[in-house]
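S.K.: give me the fold of what follows.
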Amino acid sequence: MRYFILLLLLFFHACSSKVGTIYQKEENLLRTKGKSEQFHSVVYYPNAINLDFKGYIVGVEKAPKHVVKKYSKMHYNLSNKSKGVRYKMNFFKNKTYHTLFISHIIRFDGCNKKTKFLYNIYGNEKKYIFSAYDKGFEALNRLRADLKKQLKGYDSIIIFVMGWNTSQEEAIRDFKALYKNMMSFCKGVRKPLFIGVTWPSEWDSSILPDFIVKALSFPVKADDADELGLTWLGALIHYGLKDVRVPIYVVGHSFGARAATMAVFEGNILYLDKPYPKRSVDTLIALQGAFSVRRFLKGGIEGIEHDISNVKQIVLTSSKYDFAMDSAFWSNAYAGDDKSFKKFCKNNSKFLCATYTKDYHFEFTRASKIIYLNCDSIIKNRAYMSAGGAHSDIYDKEMGQFLCKVLQGVK
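M.R.: Sure thing, here's the model as predicted:
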């Protein structure tokens, strides 16, 4: 009987594999079918997987270079970058397999659930597939033009980026929790317009078990986070928002914080016509950052030394309950790790170190551009359907209050 059931399952699997998706042709060309479809799920279901407040989703995906860069004329500005940044960007530029590109940008208009695709490589822009890499700037130009119309009534822009193994649908759920919890405290104090960036943060394999895939993918996704920051997240901030005259806040979690720091400090690299300068960013918040604290110091093994002159305030969080940072045995200096907090806060004038409690009052000054916080008091529980101890304990009211207090503290 069990053999019959097995044969039946194989039969239905074979039949189902012949049924394609509505975007199968585009996905076949871009190699974004199968599990990779989870990184453009909003393209399939924009009225179901959405924001219930006004904001944008910028979708970045991964495709073979020979497809999306077939007609590329992209240039790379690496002047005034540290040795480690130049090395990384040259590696990403010259690798022969996959690269990141912007596949879609969508605007949600809030409670009425209206949506508007500003750019969609699976829709009207599918004609651009073989030049999709360069067309990222057209996508950003459309976003910039739309922002000019939508910014009325908002006093700032906030950008969120999530971390490792986060599908687009999960990222949008996370965005909603972070933004709405923050705004429950910031109402009447700050009103930032939301931009969420999603990226292919998970590996796909039809051969290897899931736990092996996750272990092997960690260094690959670390590189992808750096590439995201040095390319399209950086271009969004420094090119797409270059004309915006309101404060910019950037928040990243885990590998999203890794991408965010690279983007804010180093991300004015890609250009088509002429280089552009780094724009100022009011606040960068790295929640349980999966990147080395040594990137803020001289002499790190990566050779990366961030130029933080364009940022008013940087806030790093750590927690002893975050076991995901402890498990990163290949780096004993991840920002989210409590051991890094203790090590780099000892006799180091680069950081203003403190223990955060609910009554902590942020007073941001030039003398304390980098605030490094022990957040054991609010990052202490295992989040729903998550691993790594308290690594993802950021989607509650306590974190909403924390984020609002940070935004209020910037002068």
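S.K.: where do the strands of the stretch 301-411 of the chain begin and end?
M.R.: Applying DSSP state E, counting those that start in this stretch to the stretch 301-411 of the chain gives strands spanning 311-318, 351-355, 370-374.
S.K.: now do the strands in this protein.
M.R.: 54-64, 75-76, 98-109, 115-120, 156-161, 192-198, 248-253, 270-271, 281-287, 311-318, 351-355, 370-374 (DSSP state E).
S.K.: minimum distance to Tyr133: which of the ones you listed has it?
M.R.: Across the strands of the chain, Tyr133 has its closest neighbour in strand 98-109 (4.9 Å, C-beta to C-beta). The C-beta positions use only the backbone N, C-alpha and C, and glycine is treated the same way.
S.K.: so how far is the closest one off the chain centroid?
M.R.: Centre-to-centre, strand 98-109 and its host chain are 12 Å apart (C-alpha atoms, centre = their mean, to the nearest Å).
S.K.: what angle sits between that strand and strand 54-64?
M.R.: On the basis of axes from the mean of the first three to the mean of the last three C-alpha atoms, to 10 degrees, strand 98-109 is oriented at 160 degrees to strand 54-64.
S.K.: partner strands of strand 98-109, with direction?
M.R.: strand 54-64 (antiparallel), strand 115-120 (antiparallel) (DSSP bridges).
S.K.: what residues of the first one count as buried?
M.R.: Meaning strand 54-64. 54-63 (16 or more other C-beta atoms under 10 Å).
S.K.: now flag whichever of these is closest to Gly289.
M.R.: Val60 (19.4 Å).
S.K.: quick one on the thing from earlier: CSV for the strands of the stretch 301-411 of the chain, including mean pLDDT and distance to Ala171?
M.R.: Output for the strands of the stretch 301-411 of the chain, formatted as CSV (pLDDT from 0 to 100; distance: least, C-beta to C-beta, whole Å):
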stretch, mean pLDDT, distance to Ala171
strand 311-318, 96, 19
strand 351-355, 93, 29
strand 370-374, 95, 24
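S.K.: tell me the most buried of these?
M.R.: strand 311-318 (a mean of 24; mean count of other C-beta atoms under 10 Å).
S.K.: send me that strand as PDB with only the CA atoms.
M.R.: Extracted C-alpha coordinates of strand 311-318, given in PDB (Å, rounded to 0.1, in the frame of the first residue of the first chain):
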ATOM      1  CA  VAL A 311      25.900  60.400   9.300                       C
ATOM      2  CA  LYS A 312      24.700  62.400  12.300                       C
ATOM      3  CA  GLN A 313      24.000  59.400  14.600                       C
ATOM      4  CA  ILE A 314      24.700  55.700  14.600                       C
ATOM      5  CA  VAL A 315      23.100  53.300  17.100                       C
ATOM      6  CA  LEU A 316      24.200  49.700  17.600                       C
ATOM      7  CA  THR A 317      22.400  47.200  19.800                       C
ATOM      8  CA  SER A 318      23.700  44.000  21.500                       C
END
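S.K.: against which helices or strands is that strand packed?
M.R.: Helices and strands touching strand 311-318, by 3 or more C-beta pairs under 8 Å, 6 or more residues apart in numbering; DSSP states H and E, are strand 281-287, helix 338-345, strand 370-374, helix 397-409.
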